[in-house]
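Novice: curious how this folds, go ahead:
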Amino acid sequence: MLKAGFRNLLPTGSKLRDKKYRDQLSIFLICLLIASFVWLVIKLSKEYTITILWPVEYANVPRGQVLALKGDSTLRFQVRAKGVDLLPSFLSGPSKKVTVDLSGLRYLKIHGRLRNAYLVAVDLKLSLAGQLGLNEALISIEPDTIFFQLAPLHSKKVPVRVELDYQTQPSFGLYGSVVISPDTIRVDGPAAYVDTLRFVKLKKVVAGTLSQSYTTHTSIASRYKAMPLTFSHQKAEVTIPVEKFTEATVVVPIATNDSCRIRFYPEKVNVLCQVAMRDYKRLDASLFNLEVDCEEALNSTSQTLTPTLKTAPPFVKVLRTTPPQVEFIILK
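Specialist: A predicted model of the protein is given here:
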């Protein structure tokens, strides 16, 4: 049924409609596949010399020192082996970094506070060949000498900062302050770099439009990767606290900042403020302090004064007071 259906899809007069032709084509393709496989086996059984670039990382930096100038970020490995042994490396490429141990550093002259050092690639051959699983296949490593520059290790704690991109839906707003955890991190590196750092910047956080608190993790900005610095933390948690807000009016009596006797009209002022719904029940007139300066009243040529809001609870945003001015009479 399927073969008949397939034939019906072919154009009228096509050779593929002919069974004899299809059988011959199938035999040809099978032979081609077998020949290709045999050719591949022959090629893979031969020995080849190839060069592979492999990324490296450095470990066991001498205590109290830091790499001010790292060696090469990649090493060139010349490898000779049968094609079948080289095929995995050729197909996958460098899937991970090889580690260069710096415990065997050889030192040159000291220039000020900097120390020049080097490693001979021949001394690393056995260790690196073992990491790569190449063993006898590894012929040589280039460059033949890797140079380093070390400086005294400096440490400093600096604050963490992050750039935010977000909005809140209508009637919602930021509740308190954005929280970064940890808010400070320790930075280790050469004094020339560490001493100039006032803060460490995180990657920008894009949170969109929020109607509830938002928490995410972000890492240290990419610009620090080029610097010879290490950080006590690579990531930080960022929380944007968001709450629903409403407007509320609190009736606050007017007070004076001295012992003079003044009567106000009205004696109380409406303070319009914005407050989170969770804090609405905490609102109380005793948390506000609305004052008129006694000396200003005695020296005023006007019959009105503007009360000053001296204190307000930290969980509210004062919008305005009504009336903005009050009349007064100084009592004898």
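Novice: can you get me the start-to-end distance on stretch 319-331?
Specialist: Between the start and the finish of stretch 319-331 there is a gap of 32 Å, counting by Cα to Cα, to the nearest Å.
Novice: who touches it?
Specialist: Stretch 319-331 is contacted by residues 247, 254, 260-266, 269-274, 290, 292, 297-298, 303-307, 309 when judged by Cβ atoms under 8 Å, 6 or more residues apart in numbering. Using the backbone N, CA and C atoms, a C-beta is placed for each residue, glycine as well.
Novice: apply 6 Å and report the result again.
Specialist: Around stretch 319-331, the neighbours that count as contacts under Cβ atoms under 6 Å, 6 or more residues apart in numbering are 261-265, 269-273, 297, 303-306.
Novice: work out the gap between it and the centre of the chain.
Specialist: The gap between the average C-alpha position of stretch 319-331 and the chain average comes to 52 Å, counting by Cα atoms, centre = their mean, to the nearest Å.
Novice: inside helices: which ones of the contacts of stretch 319-331?
Specialist: Within those, residues falling in helices by DSSP state H are Ala297.
Novice: which among the contacts of stretch 319-331 count as buried?
Specialist: 262, 264, 269, 271, 273, 297, 305 (16 or more other Cβ atoms under 10 Å).
Novice: from Leu290, how far off is the second one?
Specialist: Pointing back at Phe264 there. Applying Cβ to Cβ, to the nearest Å, the value for Phe264 to Leu290 is 10 Å.
Novice: any shared contact partners between these two?
Specialist: Joint contacts of Phe264 and Leu290 (Cβ under 6 Å, 6+ apart) are Ile254.
Novice: one step back: among the buried ones among the contacts of stretch 319-331, which lie within strands?
Specialist: When the buried ones among the contacts of stretch 319-331 are checked against strands (DSSP state E), the matches are 262, 264, 269, 271, 273, 305.
Novice: do a quick rundown of the helices in this protein.
Specialist: With helices called from DSSP H, the chain shows them at 2-9, 19-45, 83-92, 121-132, 191-194, 294-299.
Novice: so what's the gap between the fourth one and the chain middle?
Specialist: The reference is to helix 121-132. Between the centre of helix 121-132 and the centre of its chain there are 34 Å (Cα atoms, centre = their mean).
Novice: and the contacts of it?
Specialist: If you take Cβ under 6 Å, 6+ apart as the criterion, helix 121-132 is touched by 98, 135, 138, 141, 144.
Novice: name the residue closest to the centre of the protein, please.
Specialist: For the chain, the residue sitting closest to the mean C-alpha position, by Cα atoms, centre = their mean, is Ser219 at 2.2 Å.
Novice: pLDDT value on it, please?
Specialist: Per-residue confidence (pLDDT) for Ser219: 96.
Novice: please apply the same query to Lys97.
Specialist: 80.
Novice: quick revisit: tabulate the ones in strands among the buried ones among the contacts of stretch 319-331 (TSV), appending pLDDT.
Specialist: Below are those laid out as TSV (pLDDT from 0 to 100):
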residue	pLDDT
Ile262	79
Phe264	83
Val269	93
Val271	95
Cys273	94
Leu305	85
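Novice: nearest to Lys281 among these?
Specialist: Closest approach to Lys281 among these (Cβ to Cβ): Cys273, at 14.2 Å.
Novice: what residues are bridge-paired with that closest one?
Specialist: Using DSSP bridges, the bridge partners assigned to Cys273 are Ala248, Val318.
Novice: next up, the contacts around it.
Specialist: Per Cβ under 6 Å, 6+ apart, neighbours of Cys273: 248, 316, 318-319.
Novice: which of the residues you listed has the largest number of neighbours?
Specialist: Highest neighbour count within the contacts of Cys273: Val316, with 21 neighbours (other Cβ atoms under 10 Å).
Novice: wait, what's in contact with that one?
Specialist: Neighbouring residues of Val316 by Cβ under 6 Å, 6+ apart: 273, 275.
Novice: over to Gln234: give its phi and psi.
Specialist: Gln234 has phi and psi values of phi -100, psi -20 when expressed as degrees, to the nearest 10.
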